[in-house]
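# this one's structure only:
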């Protein structure tokens with residue numbers, strides 16, 4: 001059951017991606033609801049990529065999930081986004097280049113965002129568990145702080161700092177090294 005629960009972030013990303021893919025450019029189907037629904041779909045996909053682990057972390061920890069299952073919960077949304085992106089890129093690029101697109105800066109930032117969100121969820125779970133009388137350890141440790149900080153810094157430098165241009169340059173250099 002824990003493994004299924006760990007795939008909730010992937011299901012969110014996949015469902016939102018399918019919705020956006022099916023209805024993008026089809027105003028006649030959705031009418032006046034087109035813009036709000038497509039915006040909601042894109043925001044839901046972003047939530048699934050960057051922060052959805054907060055939905056399942058506490059349940060997984062309370063059920064005694066292994067580190068592997070917790071890692072699956074953290075990575076399932078971003079990996080699903082990378083796979084969906086690579087499949088979408090197959091319409092424009094050969095398979096190798098499309099696969100490289102699956103590890104684009106947004107996918108890397110999504111992994112980092114989920115790690116930061118998992119750190120926050122772990123602090124919340126430990127605090128909640130201590131309030132309930134369980135020995136869950138100190139809510140904030142240097143490792144949790146490091147995971148949170150590294151996640152936020154990675155998000156910042158991959159997609160936020162100067163619009164992500166400096167990191168995208170590095171990403172493009174990798175592309176040129178591999179494919180030109």
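Okay, I see it. All values reported here derive from a predicted model rather than from experimental measurement.
# how about the helices of the chain, start to end?
Assigned helices in the chain, in chain order: 2-6, 8-23, 27-30, 34-50, 53-62, 67-89, 95-101, 105-131, 142-155, 165-179 (criterion: DSSP state H).
# will you turn these into CSV that also has mean neighbour count?
C-betas here are computed from N, CA, C, even on glycine. Formatted as CSV, the helices of the chain follow (neighbours: other C-beta atoms under 10 Å):
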stretch, mean neighbour count
helix 2-6, 17
helix 8-23, 19
helix 27-30, 11
helix 34-50, 18
helix 53-62, 20
helix 67-89, 20
helix 95-101, 15
helix 105-131, 20
helix 142-155, 16
helix 165-179, 12
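# Turn the ones you listed into TSV, including mean pLDDT.
Output for the helices of the chain, formatted as TSV (pLDDT from 0 to 100):
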stretch	mean pLDDT
helix 2-6	92
helix 8-23	95
helix 27-30	89
helix 34-50	93
helix 53-62	92
helix 67-89	95
helix 95-101	95
helix 105-131	94
helix 142-155	97
helix 165-179	95
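# Can you name the residues that contact the most centrally placed residue in the chain?
Note on the chain: the residue nearest the mean C-alpha position is residue 49, at 2.4 Å, using C-alpha atoms, centre = their mean. With contact taken as C-beta atoms under 8 Å, 6 or more residues apart in numbering, residue 49 is in contact with 9, 13, 77, 78, 81, 106, 107, 110, 113, 114.
# Contacts only, for the fourth one.
Pointing back at residue 78 there. 13, 49, 107, 110, 111, 113, 114.
# what about 6 Å?
Each residue near residue 78 by C-beta atoms under 6 Å, 6 or more residues apart in numbering is listed here: 49, 107, 110, 111, 114.
# what's the spacing between residue 90 and residue 157?
Residue 90 sits 29 Å away from residue 157, going by C-beta to C-beta, to the nearest Å.
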